[in-house]
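Enquirer: sequence unknown, structure follows:
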């Protein structure tokens, strides 16, 4: 395999712009982007980002996979990847990943990343959290996932929501183990 592959899963939680920006930033790297979007995420993308957001996101991806096709290439451990980012990650998707309920391609692909000991970065979007959410978060971490709450960092003094989103997107890419695109500011102390 000459180019790294990254799976980007988009679930229906608020924060759909995170998925768009992550894919945009991944395209700055020599990676192949595989996309899987839930039906709820399609609605959220339209509402939060705009009526053409899904089409734009699908155009950017190297391959778009049908959410209901659990037999797709990304559902197999033999499909080698650098990892997977689920952004945003709904509590429903998080619960399914935590408990191995792989009834759709997004959850099955996440499950494969865990079983193959590959990086799985989840950006859970919910507030406040109840005990069930917290237990599922603990479970996925115990299984090997990385939790990246999409909480903006303020030390780089973002001047806009776009800068805050960009920082979170860069952090997700970094956590998959890929080089962060050049314009991302690094803390200098």
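Expert: Thanks, I have the structure now. For clarity, every value in this text was computed on a predicted model and none was experimentally measured.
Enquirer: counting by contacts, list what the longest helix seen in the chain packs against.
Expert: Ranked by residue count and defined by DSSP state H, the top helix of the chain is helix 161-175. On a contact count with 3 or more Cβ pairs under 8 Å, 6 or more residues apart in numbering; DSSP states H and E, helix 161-175 meets helix 16-26, strand 83-89, strand 119-124. Using the backbone N, CA and C atoms, a C-beta is placed for each residue, glycine as well.
Enquirer: let me know the angle separating it from strand 83-89.
Expert: Angle, helix 161-175 to strand 83-89, by axes from the mean of the first three to the mean of the last three Cα atoms, to 10 degrees: 150 degrees.
Enquirer: just the strands in the chain please.
Expert: 4-10, 31-37, 63-65, 83-89, 119-124, 146-147 (DSSP state E).
Enquirer: closest one to residue 154 among those?
Expert: strand 119-124 (18.0 Å; Cβ to Cβ).
Enquirer: between that closest one and helix 16-26, how big is the angle?
Expert: Orientation check (the same axes, to 10 degrees): strand 119-124 against helix 16-26 gives 150 degrees.
Enquirer: circling back: and the longest helix of the chain, what's buried?
Expert: Of all the residues in helix 161-175, those buried under the rule 16 or more other Cβ atoms under 10 Å are 164-173, 175.
Enquirer: same list (those residues) but as a markdown table, adding distance to residue 40 and pLDDT.
Expert: A markdown table is the format used below for the buried residues of helix 161-175 (distance: Cβ to Cβ, whole Å; pLDDT from 0 to 100):
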| residue | distance to residue 40 | pLDDT |
| --- | --- | --- |
| 164 | 24 | 94 |
| 165 | 20 | 96 |
| 166 | 25 | 94 |
| 167 | 26 | 93 |
| 168 | 21 | 96 |
| 169 | 21 | 96 |
| 170 | 26 | 95 |
| 171 | 24 | 95 |
| 172 | 20 | 97 |
| 173 | 24 | 97 |
| 175 | 24 | 97 |
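Enquirer: from those, which is closest to residue 89?
Expert: For the buried residues of helix 161-175, the nearest to residue 89 is residue 172 (10.7 Å; Cβ to Cβ).
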